[in-house]
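> coords below, sequence missing:
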């Protein structure tokens with residue numbers, strides 16, 4: 001077969017074109033008469049809008065209850081209650097690989113072509129959840145690219161054996177190293193960050209740290225993270241997950257910390273959560289900080305919300321930010337797509353010749369309407385292969401589904 005021609009789609013600039021795809025990449029736009037492509041598979045785009053693949057920059061695949069009967073939310077409002085509730089529930093839940101696979105199918109059907117997932121690395125679990133997600137990563141490799149962050153959900157220094165488990169997780173296939181609220185969990189920001197940067201240096205990986213802490217503690221943690229990033233020459237390889245404190249900082253403190261992040265090359269990923277201060281997306285971007293988006297928890301013991309749709313996440317981010325113009329809605333979409341691709345180190349993301357053919361189509365007039373209306377994705381392509389059609393993931397066996 002001589003590649004694939006995606007016939008009759010509209011680009012974000014309004015042009016109606018055909019896309020010729022070869023060896024997984026966009027080879028040509030508007031390639032001309034069909035007879036020039038004898039033998040190519042032809043897929044009808046139905047005049048729908050084509051957009052680059054969505055990128056979920058922060059999700060917890062191992063926690064999800066996707067595919068199970070509805071479970072009333074059992075946890076209290078605190079982070080510690082959610083951790084304890086999750087621990088109590090684990091033994092009664094079906095295997096991680098099946099639940100995670102169910103959520104991956106939904107993410108693919110919604111147009112995500114890349115995912116960064118955190119996986120719990122805690123003494124009670126050892127590396128069992130990592131092994132499950134490595135299985136999922138391999139099983140869905142043709143449909144979505146998955147990065148795995150080794151995540152110490154219950155702290156690092158305060159839990160004996162966790163540091164060794166993080167080292168083992170990276171040795172066995174985790175892609176990045178995680179951390180969590182060094183002051184709240186370990187009471188020692190310097191100690192946790194020194195440990196994390198030492199492990200990361202030994203394994204040659206990036207770092208993605210959950211920072212929920214508010215006020216001065218959160219700002220101090222981001223400051224320490226940025227200074228170490230600069231010292232270790234890790235620009236572009238360190239991410240602050242959440243960073244709620246940036247949404248409540250004084251103007252002076254915001255300018256100071258945002259400047260440090262930009263100088264050091266520290267990115268920020270946000271899920272636009274409704275119960276916490278929202279880091280100011282546009283102001284951070286204007287100061288040179290890469291801001292991208294993720295779903296975070298999707299129907300799990302931490303939250304009953306979500307279905308893995310990054311367009312919905314872009315809409316929520318826009319809504320919370322007060323975005324109304326098409327240009328601002330485009331910022332929210334970029335956080336859910338191109339910015340995430342940059343932060344995850346994914347090259348050739350876009351809709352020009354030479355870019356990888358990771359894209360989706362939907363019945364919307366413009367990218368702004370796509371964010372607001374979030375129609376069903378009519379086609380999803382990963383590496384030039386159709387992996388979802390009309391809201392359903394294709395060609396996937398379900399041996400571990402629940």
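Cool, got the structure. Predicted model, so just to flag it, every value in this text is computed and none were measured.
> What are the boundaries of the helices in this structure?
When assigned using DSSP state H, the helices of the chain occupy the ranges 79-89, 96-109, 128-139, 162-171, 189-203, 215-231, 251-264, 281-286, 310-321, 326-335, 338-343, 367-373.
> Skip the chain neighbours and tell me the closest residue to residue 262.
residue 288 (3.5 Å; Cβ to Cβ, 6 or more residues apart in numbering). Bear in mind the C-beta positions are built from the backbone N, C-alpha and C, glycine included.
> now for the helices of the chain, which one comes closest to residue 388?
helix 96-109 (4.6 Å; Cβ to Cβ).
> Give me the angle between the closest one and helix 310-321.
Per axes from the mean of the first three to the mean of the last three Cα atoms, to 10 degrees, the angle that helix 96-109 makes with helix 310-321 is 80 degrees.
> Helix 96-109 - what's its average pLDDT?
Per-region confidence: helix 96-109 scores 98 on mean pLDDT.
> That one packs against which elements?
Where contact means 3 or more Cβ pairs under 8 Å, 6 or more residues apart in numbering; DSSP states H and E, helix 96-109 is packed against strand 54-59, strand 112-120, helix 128-139, strand 377-382, strand 385-389, strand 392-393.
> at 7 Å what do you get?
helix 128-139, strand 377-382, strand 385-389, strand 392-393 (3 or more Cβ pairs under 7 Å, 6 or more residues apart in numbering; DSSP states H and E).
> ok, back up a step: just give me the neighbour total for the residue nearest to residue 262.
Using other Cβ atoms under 10 Å, residue 288 is surrounded by 12 other residues.
> Could you do residue 395 as well?
Quick note: residue 395 (other Cβ under 10 Å) scores 11 neighbours.
> For it, which non-adjacent residue is closest in space?
Residue 395 sits nearest to residue 387 (Cβ to Cβ, 6+ apart), 7.1 Å away.
> got it, and residue 100?
Nearest to residue 100 is residue 61, by Cβ to Cβ, 6+ apart, at 4.0 Å.
> Quick check: that neighbour vs residue 129, distance?
9 Å (Cβ to Cβ, to the nearest Å).
> burial of the residue nearest to residue 73 when sequence neighbours are not counted, as a residue count?
Nearest residue to residue 73, sequence neighbours excluded (Cβ to Cβ, 6+ apart): residue 304, at 4.6 Å. As a burial measure, residue 304 scores 16 neighbours (other Cβ under 10 Å).
> what about the chain, any weak spots by pLDDT?
In the predicted model of the chain, residues 1-2, 32-38, 396-402 satisfy pLDDT under 70.
> who's in contact with the spatially most central residue of it?
Central residue of the chain (Cα atoms, centre = their mean): residue 57, 1.7 Å from the mean position. The contact partners of residue 57, taken as Cβ atoms under 7 Å, 6 or more residues apart in numbering, are 116, 269, 292-294, 340, 343-344.
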